[in-house]
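Chemist: can't give you the sequence, but here's the structure:
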C-alpha cells in the first residue's frame, strides 16, 4: 500500500511494536502515550493534538478503554480521557481501535469521526486466539510441576480459543475434556476425540484435573464449583471481563487461580503487532475501495 501518516495513541506492547512495524514499512508514524523506539519515521509527541494533527489513520488500543472512558495507556504516563483525544481530532478522521463500546461509538459520531473496530474482524480474532492459546500453554507449563503430556486438562468453552487450545493440548499429549452448551458443539468435541461435557452439568466432575482453562466470559466457576477443584489444580481464566471465575472464593479456598487477560500482548507482542498491522491495512484497503 502507499505510504501514509499514522498516529498510534495509547496501548501496550502490541501498539508499541505496531508503531515500529508501520515505520519499518515506510510510513510516517507519530505516537502519544505509548513508548516505542523513536526513529526517522517514528516520532513521539508531547500532546495528543500534535500526534493526530496530520494523521490519515489514528490507531488506538485493544481495548480502547480499560474503564470509564479512560484511554488504555499501560505504557504511557498520566490519565487521558477518550473524549479529550477525540476533541483534538478533525472531523472525518479515521480511527482504528479494539473492543469499541457503544458509548465510544456515540462519542466518535458526536465529533464527526469515523471509527472501525479491528477486534471485530475475523482475521484478527482468529490470529489473536492462536496467540492466546499458545500463551495459555506457556503459562500452564511455567506454573505447574507436571508436564502437559499425560496431564488431565479441562477446557471450558468451544469458541475460537477453546478449539485452538484443545487442539494444541492434545498435540502435547494431554488428556483433554472440553465443555459446551450447544449440542452441535458437543458433537464436534466428541468427533475430534476429546471427552465432552455440558457446561451446565459440571457438578461432580471438576475434581481430578491438573489444569482448568476457562474461555467463557460468564460466571461458570462460582464458589460452589470451585469447592470441587483439587488443591493442586491450576485454574487459568482466559475470558474477558467480567471473567468466568470467582477469584475471591478461589483465594479463600487456597486454589492457584490466574486471570490471564491480554495474553497476546504479553507473550507475543511482535506477532500481535503484525496481526493488528495487517488488519488495519485490510481496513484501509476496504476504505479506499468504498471511496472509489
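Modeler: Perfect, thanks for sending it. None of the values given here were measured: they were computed from a predicted structure. Numbering: from 1, shown residues only.

Chemist: how about the nearest residue to the residue nearest in space to the middle of the chain, chain neighbours excluded?
Modeler: Nearest to the mean C-alpha position of the chain, counting by Cα atoms, centre = their mean, stands residue 262 at 4.6 Å. Leaving out its chain neighbours, the residue that sits closest to residue 262 by Cβ to Cβ, 6 or more residues apart in numbering is residue 12, at 6.7 Å. From N, CA and C alone the C-beta is placed, and that goes for glycine too.

Chemist: hmm, that neighbour is touching residue 61, no?
Modeler: Yes: between residue 12 and residue 61 there is a contact at 6.9 Å, judged by Cβ atoms under 8 Å.

Chemist: more neighbours: which of these two?
Modeler: For residue 12 versus residue 61, neighbours defined as other Cβ atoms under 10 Å are more numerous around residue 61 (29 against 21).

Chemist: out of everything not next to it in sequence, what's closest to that one?
Modeler: Spatial nearest neighbour of residue 61, chain neighbours left out: residue 11 (3.6 Å); criterion: Cβ to Cβ, 6+ apart.

Chemist: confirm that neighbour sits in a strand?
Modeler: No: applying DSSP: H, G, I helix; E, B strand; the rest coil, one finds residue 11 to be coil, outside a strand.

Chemist: so it sits right up against residue 32, yeah?
Modeler: No: using Cβ under 8 Å, residue 11 is not in contact with residue 32; the gap is 10.2 Å.

Chemist: when these two are compared, which one has more neighbours?
Modeler: Neighbour count, other Cβ under 10 Å: between residue 11 and residue 32, residue 11 has more, with 33 against 23.

Chemist: contacting residues around the more buried one?
Modeler: By Cβ atoms under 8 Å, 6 or more residues apart in numbering, the contact set of residue 11 is 18, 33-34, 59-62, 72-75.

Chemist: how about it, phi and psi?
Modeler: For residue 11, the backbone dihedrals are phi 110, psi 180 (criterion: degrees, to the nearest 10).

Chemist: and the pLDDT for it?
Modeler: At residue 11, the predicted lDDT confidence score is 92.

Chemist: ok so, going back, so the residue nearest to the centre of the chain versus residue 99, what's the distance?
Modeler: 11 Å (Cβ to Cβ, to the nearest Å).

Chemist: between these two, which contacts overlap?
Modeler: With Cβ under 8 Å, 6+ apart, residue 262 and residue 99 have common neighbours residue 62.

Chemist: low-confidence ranges in this protein?
Modeler: 1, 289-292 (pLDDT under 70).

Chemist: per the record, what domains does it have?
Modeler: Domain ranges of the chain: 5-120+269-290, 124-261, per automatic domain parsing.

Chemist: contacts for the helix or strand hosting residue 286?
Modeler: Using DSSP states H and E, residue 286 sits in helix 269-290. Contacts to helix 269-290, defined as Cβ under 8 Å, 6+ apart, come from residues 1, 4, 12-18, 20-22, 25, 57, 59, 62, 94, 96, 98, 116, 118, 121, 123-124, 127-128, 131, 264-265.

Chemist: hmm, back to that, in ChimeraX, how would I select just the buried ones from the contacts of residue 11?
Modeler: A single ChimeraX command selects the buried members of the contacts of residue 11 (16 or more other Cβ atoms under 10 Å):
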select :18,33,34,59,60,61,62,72,73,74,75
